[in-house]
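[1] no sequence on this one, just coordinates:
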Ligand SMILES: Cc1ncc(C[n+]2csc(CCOP(=O)(O)OP(=O)(O)O)c2C)c(N)n1
Ligand SMILES: [Mg+2]
């Protein structure tokens, strides 16, 4: 049976199991919107800005593990997705963005609402396509989902000229994908695994350093099993929050620029580091020449380009983390060596515990001021640790990582690689769409929230009950912090004297607004806000002078931390 | 160190910009780049000459491999290969110079492909050393223009 490109598009999505598309219409995709109107299988969530749509798809993907999907029109619709694509690309999030394009014959003519989105998005997508023939459309859609979700995941963009969408063709969704240039390697080499295990067992001061890759590989259980089997302490990156239970005695919390004192000390004194799905980002390593000076490094990653990129690696293992960790577990499970190792490394864990005792994560209460860290602690309490937390970027993001304990993967959604302000609210909406029964909280800053505040309308329209907690410090706080530390306190353009009344703003959008201005109120206001129906915005007026500590100044080694 | 990399790619729209964008986006340099179809019309071969320390070259090879339309990446450096470049040179051929030009063309087994009053256009192929030597010998005579293809390379043997 012949169908139009637009009908093929909608049917292919449905057949691939896509339940929801985040999008925004326009001329080039009118035919798709017409086909969507008539379909009952794919739901459409109308965002208010295409950047919001991509972050929603991203939050949906991070919370659920499924591939997020966006649909936008040509030109400005497409260019508005770029920040979202770059955000997802940096954090390896599987999503597919479909953009309309001007008719094939007009491409290159500076036609109305034409943008070379394939060219623009090339460096911030895992792969992208321009569909030139309607007969290729279904195959390309299939390939796009395959590429986005396999190997090291990432965003894929498919650009669809208008004539392709109106032309007829047979519907022909291939069952399998055949790409001769794309073969991710999932199986870790057994000999490399063996060398790694021999190396680990020969050492006395091991640390597991786990990143977002563990979430992408769904390998948290394996990571925890290996860690417990050998009693190896685990530190995680920002992207890895929750891959190992934060409340486990072996957890060291986050490492790096705003990591815990003891995680950074442990990494700096370790004699073997096992990096699992992490990429030695500069925010993690500090001064890279002085990173982990005593350690041999085992690096496990599905992407060979991650290995040897920033630090020299002693034993590289390319493969799916789940597969590799299983092989590592098999090596020691039920063996005497495991028990012996746990015993041998006891002194090391004792040393780390002592570091944790001397410099715990803390803050100084101040009379008459709400401490933002306290707010995050109360969010944890009120949510009973069961929320999915999205964050914006800045101090709010770091406090959300430091003062809330993440015990499960896919419960901390944050723009780690790109650091995109405005990510949190739409990501929370996407996560809530994927997980309708869960409490989803966006921990926000007063600056960041204004970058995609318009998505409150989306949340209200579709009854998506996200809870936004603004740590309102009246500043672009993280930048202010750097100005205080490194620019003699000259707060150039970081004060936000014109902040809207967030409570009234929420109400203007049809959401509920709450405010806390005293420490004693915080708990109850959060409780009331979280219990309220529908989208809620809670404005918490916090101490504007508060700083994020510990802090490793950019370019300093991890041991040179500024402490509270 | 200088590396010659042979890359087999899908012969499709946009593949050159993916490869070029990879080099520019990551700060790798390209000294020369040649692209043409192989015996299989669906596959093109790119020969890229680049330079960098071992770690950078390792990244280049891995990043190239990661591109979806890239089928195969071979670092020909150090391998037993035949390397050639084609050069077209316009050189001064006035009365005194003419004889010397002809002599050099003969010695280097080059070919004169166009003649104009006081100017010869010469075609020459060779490996890096030979090309350099040839251009060096011509320089005192007055080179007006040079066009080089960049290197192509193939492994020796069957
Ligand atoms: C889109 C974007 N622009 C600029 C920055 C630089 N930046 C990083 S943190 C920050 C301040 C964020 O302010 P706010 O949201 O109020 O968070 P706070 O640090 O005060 O908690 C800025 C401007 C960024 N990360 N993203
Ligand atoms: Mg702020």
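    Perfect, thanks for sending it. Source: prediction; values computed, not measured. Ligands and ions are numbered 1, 2, ... in the order given.
[2] Chain B against chain A: which residues are in contact?
    With the criterion set to Cβ under 8 Å from any Cβ of the partner chain, chain B comes near chain A through B:9-10, B:13-14, B:17-18, B:21, B:25, B:55, B:58-59, B:62-63, B:65-71. The C-beta positions use only the backbone N, C-alpha and C, and glycine is treated the same way.
[3] Identify those among these that sit within helices.
    Residues of the residues of chain B next to chain A located in helices (DSSP state H): B:17, B:18, B:21, B:25, B:55, B:58, B:59, B:62, B:63, B:65, B:66.
[4] hey, where'd the strands end up in chain B?
    B:2-10, B:29-37, B:43-51, B:70-75, B:81-92, B:111-116, B:119-126, B:143-148, B:152-155 (DSSP state E).
[5] could I get those as JSON lines with distance to ligand 1, mean pLDDT and mean neighbour count?
    Shown next, in JSON lines, are the strands of chain B (distance: least, Cβ to the nearest ligand atom, whole Å; pLDDT from 0 to 100; neighbours: other Cβ atoms under 10 Å in any protein chain shown):
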{"stretch": "strand B:2-10", "distance to ligand 1": "35", "mean pLDDT": "96", "mean neighbour count": "19"}
{"stretch": "strand B:29-37", "distance to ligand 1": "30", "mean pLDDT": "95", "mean neighbour count": "14"}
{"stretch": "strand B:43-51", "distance to ligand 1": "33", "mean pLDDT": "97", "mean neighbour count": "21"}
{"stretch": "strand B:70-75", "distance to ligand 1": "32", "mean pLDDT": "97", "mean neighbour count": "18"}
{"stretch": "strand B:81-92", "distance to ligand 1": "47", "mean pLDDT": "96", "mean neighbour count": "18"}
{"stretch": "strand B:111-116", "distance to ligand 1": "57", "mean pLDDT": "96", "mean neighbour count": "11"}
{"stretch": "strand B:119-126", "distance to ligand 1": "53", "mean pLDDT": "97", "mean neighbour count": "19"}
{"stretch": "strand B:143-148", "distance to ligand 1": "45", "mean pLDDT": "97", "mean neighbour count": "12"}
{"stretch": "strand B:152-155", "distance to ligand 1": "45", "mean pLDDT": "93", "mean neighbour count": "16"}
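[6] what's near enough to touch the closest residue to residue A:185 other than its chain neighbours?
    Spatially, and ignoring its direct neighbours in sequence, residue A:185 is nearest to residue A:318 (5.6 Å; Cβ to Cβ, 6 or more residues apart in numbering or on different chains). Contacts here follow Cβ atoms under 8 Å, 6 or more residues apart in numbering or on different chains; on that basis residue A:318 touches A:185, A:188, A:189, A:301, A:302, A:303, A:304, A:307.
[7] Among the residues you listed, list the two that are farthest apart in space.
    A:189 and A:303 (15.3 Å; Cβ to Cβ).
[8] Of the two, which one has the most company?
    Using other Cβ atoms under 10 Å in any protein chain shown as the criterion, residue A:189 and residue A:303 rank with residue A:303 on top: 19 against 15.
[9] Would you agree the more buried one is in contact with residue A:153?
    No. With contacts counted by Cβ atoms under 8 Å, residue A:303 stays clear of residue A:153, the gap being 10.1 Å.
[10] Do you know the pLDDT at the residue of chain B most remote from its centre?
    Going by Cα atoms, centre = their mean, the residue of chain B most distant from its centre is residue B:95, 32.5 Å out. Per-residue confidence for residue B:95 comes out at a pLDDT of 82.
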